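> Give the three-dimensional model of this entry:
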Amino acid sequence: MRWALVKVCLAVTAMVVVAFAVPLGLVVKEMARDRAFSDAERQAATIGPTLSITTDRAQLEKAVLTTEPGAAGRMAVHIPATGEPDGVEVDIGRGHATREELETVRVSGRAAITEVTGGSVLLQPTAVGPEDIAVVEVFVPEDAVSHGVTTAWLMLAGVGVALIVGSVAVADRLGVRMVEPARRLAGAAHDLGEGRLGTRVREEGPDELRSAAVAFNSMADQVVQLLANERELAADLSHRLRTPLTVLRLNAASLGDGPAAEQTRAAVEQLEGEVDTIIRTAREQRPQTQPGGPGAGCDASEVIRERMGFWSALAEDEGREVRLAGVDRTLRIPVARPELAAGLDALLGNVFRHTPEGTAFAVDVHHSGDAVIVLVSDAGGGIADPKAALARGGARDAVGSTGLGLDIVRRVAESTGGDVRIGRSVLGGTEVRVWIGLDGQRPRQRGRGHRVGRQRRRLRGAGRPNL
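Below is the predicted model:
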C-alpha cells in the first residue's frame, strides 16, 4: 500500500510537471526570440531619421557605426539606385540578405524576417523619396535569439525534479503515516486472536485509523471484562456451593458408621475437592474486580438476619450457642445483596469448618456514622498468624481451603473504601472485623479504633439472644 501510494503520487506529479514545464519552456523560447527582434527593430529605427535627411554615403556610414549592431558589423543599409546621382545602388555595411529578398521588402513596404546562415536578418523598409525605399538590414545571430533560453530550461527542469522528489518524499511519509497504524492494528488483532488479552493499539494516525484503534481497544477491554466477569462468576458460584456442602458434611457426620455412611462422606469430600479445583482455577486467572457496581446497595440488617436464620438451624443441630446483635434497624450499604450474602456465608462457613461442634459464635453489627462494622467472632482456638491468613492466597495452604472466602469478604469491604482485619474475639477465639464504608472514604485510623473498642465494650455487656 505504501509503495503503491508513492507510485501514484510520482506519476501524477510527473504528468503535472510535464504539462506545465513544456509549454512554459516554449513560451520562454518565444519570448527570447521576440526580445531579440524587438531590439533589432529598435536599432533599425534609429537610422530612419538620418535616411530621411540625407543619403550621403559618408554620413550614413557614420550613423551606422554609432549604433550597437552597426559597431558589431551586424547592420547594413541598402539604398536604391534611383536615389543616387550616378544611378548605382548603395550598400553600406555587411549584408546577409539576397537581392530578391531586398526587392520583395521594397515592393511590399513591410518589414520581414529572413533566415540566413548563422542566424536571421530583420529587413526594415524606410522611405527616402517619393518613389524610393531604402532597406535597413539588422543581423540577429542564433545565440542572441536563444539567449537565456538554456538557463531558463535548466531552471524549469530543476524545479520539476525538485517537485517530483518532494512529492515522492511527502507520499512516502503519508504512506508511513497511513500504513504503520494499519499494520499495528492488524498485528494487535492477530495477538488478541492468539490470546494475548493485554494487547492494545496506540490511538494515532488518520482519523479513520484512530477511530478503528479506539474501537479495537474498547473491544479488547470488553473482552477482558467479560472474561473476568465469567471467571469471577465461576469462582463465586463455586464458593457459594460451600454452604450446602457444609450441610451435607454435617449430615454425613451424623450418619454414624457403616458402608453407606462412609460412601456418603467420601462423596462429599470428593465434591468438595472438585469445588476447590474450580475455585482455584478461576482464581488463578481472574483479575480482582469490585463487586456490586454503580447504584448497587442493600439493607445489611435484612441480609444478615436472613443468613443467620439459615446458619442458626445448623448451629442448633451441633449445639452451638449463637448471638446476633445490631440488626434491629435498617442499615443501607453500597454493596449488592448477593455479594454481602456470599461474604457472610464464607465467614460463617469457616466457623463451622474450622471449629469443633458446640463452639459458640456471634455476629455483631454496628453503625458508626460513616461506616457499618460487621464482627464475626467465635469461641474456638483462634488463628495463630492473622497476617498470613489475610495475605492474598495465604490461606490456600490451609487444609480444605482455597483462600477465596476471605478474598470475597475483602473485595466487598475494599469496594467501599473499607477493609478486613482478624483479631482476638471477646469469646476467646477468632474475630473477623469487616469495615464497610458508606461514603467510599477510608476512615481515620484513630477514630476507627476508638469506635471499635467502644463497640466491643458495649457488646460485652449486651445480652445474648439465641436464634
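> contacts and neighbour counts: CA atoms only from here.
OK.
> Okay, helices next: where are they in the stretch 301-450 of the chain?
337-354, 386-390, 404-414, 445-460 (DSSP state H, counting those that start in this stretch).
> What angle do helix 337-354 and the third one make with each other?
What it means is helix 404-414. 140 degrees (axes from the mean of the first three to the mean of the last three C-alpha atoms, to 10 degrees).
> Report all helices and strands that helix 404-414 contacts.
In terms of contacts (3 or more C-alpha pairs under 8 Å, 6 or more residues apart in numbering; DSSP states H and E), helix 404-414 is packed against helix 207-240, helix 337-354, strand 419-424, strand 430-437.
> can you rerun that using 7 Å?
helix 337-354, strand 419-424, strand 430-437 (3 or more C-alpha pairs under 7 Å, 6 or more residues apart in numbering; DSSP states H and E).
> Kindly report the same for the longest one.
Helix 337-354 makes packing contacts with helix 300-318, helix 404-414 when contacts are defined by 3+ C-alpha pairs under 7 Å, 6+ apart.
> what about the longest one, distance to the chain center?
The gap between the average C-alpha position of helix 300-318 and the chain average comes to 54 Å, counting by C-alpha atoms, centre = their mean, to the nearest Å.
> that older thread, and among the helices and strands packed on helix 404-414, the most buried is which?
strand 430-437 (a mean of 24; mean count of other C-alpha atoms under 10 Å).
> Just the C-alpha atoms of it, please, in PDB.
Coordinates of each C-alpha in strand 430-437 appear next as PDB, following Å, rounded to 0.1, in the frame of the first residue of the first chain:
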ATOM      1  CA  THR A 430     -11.200 -15.500  66.300                       C
ATOM      2  CA  GLU A 431     -12.800 -12.200  65.400                       C
ATOM      3  CA  VAL A 432     -13.100 -11.100  61.800                       C
ATOM      4  CA  ARG A 433     -14.000  -7.400  61.500                       C
ATOM      5  CA  VAL A 434     -15.400  -6.200  58.200                       C
ATOM      6  CA  TRP A 435     -15.400  -2.400  57.800                       C
ATOM      7  CA  ILE A 436     -17.800  -1.300  55.100                       C
ATOM      8  CA  GLY A 437     -17.600   2.400  54.200                       C
END
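> related to what we said a few turns ago, looking at the helices of the stretch 301-450 of the chain, which has the lowest confidence?
Looking over these, mean pLDDT reaches its minimum on helix 445-460, with a mean of 43.
> ranking the helices and strands packed on helix 337-354 by burial, who's on top?
Mean neighbour counts for these (mean count of other C-alpha under 10 Å) peak at helix 404-414, with a mean of 23.
> Okay, angle between that helix and helix 207-240 too, please.
Using the same axes, to 10 degrees: helix 404-414 against helix 207-240 is 130 degrees.
> Figure out which of the helices and strands packed on helix 404-414 is closest to A32.
Between A32 and the helices and strands packed on helix 404-414, the shortest gap by C-alpha to C-alpha is with strand 430-437, which sits at 92.2 Å.
> could you dump the helices and strands packed on helix 404-414 to CSV with distance to W153?
Converted to CSV, the helices and strands packed on helix 404-414 look like this (distance: least, C-alpha to C-alpha, whole Å):
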stretch, distance to W153
helix 337-354, 84
strand 419-424, 84
strand 430-437, 84
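> Nearest to A360 among those would be which one?
Using C-alpha to C-alpha, the nearest of the helices and strands packed on helix 404-414 to A360 is helix 337-354, at 9.3 Å.
> How far away from the center of its chain is the closest one?
Distance, centroid of helix 337-354 to centroid of chain: 45 Å (C-alpha atoms, centre = their mean).
> Determine which of the helices and strands packed on helix 337-354 approaches F352 most closely.
helix 300-318 (8.4 Å).
> for the stretch 201-350 of the chain, which spans come out with low pLDDT?
Counting by pLDDT under 70, the stretch 201-350 of the chain contains low-confidence residues at 231-240, 242-243, 273-296.
> who's in contact with the residue nearest in space to the middle of the chain?
By C-alpha atoms, centre = their mean, the chain has its centre lying nearest to E203, at 0.6 Å. For E203, the contacting residues are R210, A213, V214, by C-alpha atoms under 7 Å, 6 or more residues apart in numbering.
> quick one: which of the residues you listed has the most company?
Highest neighbour count within the contacts of E203: A213, with 23 neighbours (other C-alpha atoms under 10 Å).
> so how far is V327 from that one?
Separation of A213 from V327 (C-alpha to C-alpha, to the nearest Å) stands at 52 Å.
> Repeat that for M31.
106 Å.
> coming back round to it: will you turn the contacts of E203 into CSV that also has distance to A388?
Below are the contacts of E203 laid out as CSV (distance: C-alpha to C-alpha, whole Å):
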residue, distance to A388
R210, 47
A213, 44
V214, 42
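> Checking the nearest residue to R249 once chain neighbours are set aside next. Helix, strand or coil?
Spatial nearest neighbour of R249, chain neighbours left out: V268 (6.3 Å); criterion: C-alpha to C-alpha, 6 or more residues apart in numbering. Following DSSP: H, G, I helix; E, B strand; the rest coil, V268 is assigned to helix.
> burial count for V268?
V268, neighbours per other C-alpha under 10 Å, totals 17.
> still on that earlier bit, so the residue nearest to the centre of the chain: helix, strand or coil?
coil.
> what's the spacing between it and V214?
6 Å.
> cool, and L248?
Relative to V214, and taking C-alpha to C-alpha, L248 is found at 51 Å.
> pretty sure R74 contacts V136?
No. Using C-alpha atoms under 7 Å, R74 is not in contact with V136, being 10.8 Å away.
> Of those two, which one has the most company?
V136 (29 against 21).
> Contact partners for that one?
V136 touches A44, A76, V77, H78, L123, Q124, P125, counting by C-alpha under 7 Å, 6+ apart.
> ok, how many other residues are close to the first one?
Just to be clear, that refers to A44. For A44, using other C-alpha under 10 Å, the count is 26.
> What distance do you get for F352 to A342?
15 Å.
> before we move on, what about L102?
122 Å.
> now swap in D34 and tell me
Taking C-alpha to C-alpha, one finds D34 at 101 Å from A342.
> Any idea how many residues pack against G205?
G205: 18 neighbours (other C-alpha under 10 Å).
> same thing with L123?
By other C-alpha under 10 Å, neighbour count at L123 equals 28.
> and if you look at the one 10 residues further on?
Applying other C-alpha under 10 Å, we find 23 residues neighbouring I133.
> Bridge partners for it, pull those for me.
A127 (DSSP bridges).
> what's near enough to touch it?
P80, R106, P125, T126, A127.
> One more: S218?
Applying C-alpha under 7 Å, 6+ apart, no residues contact S218.
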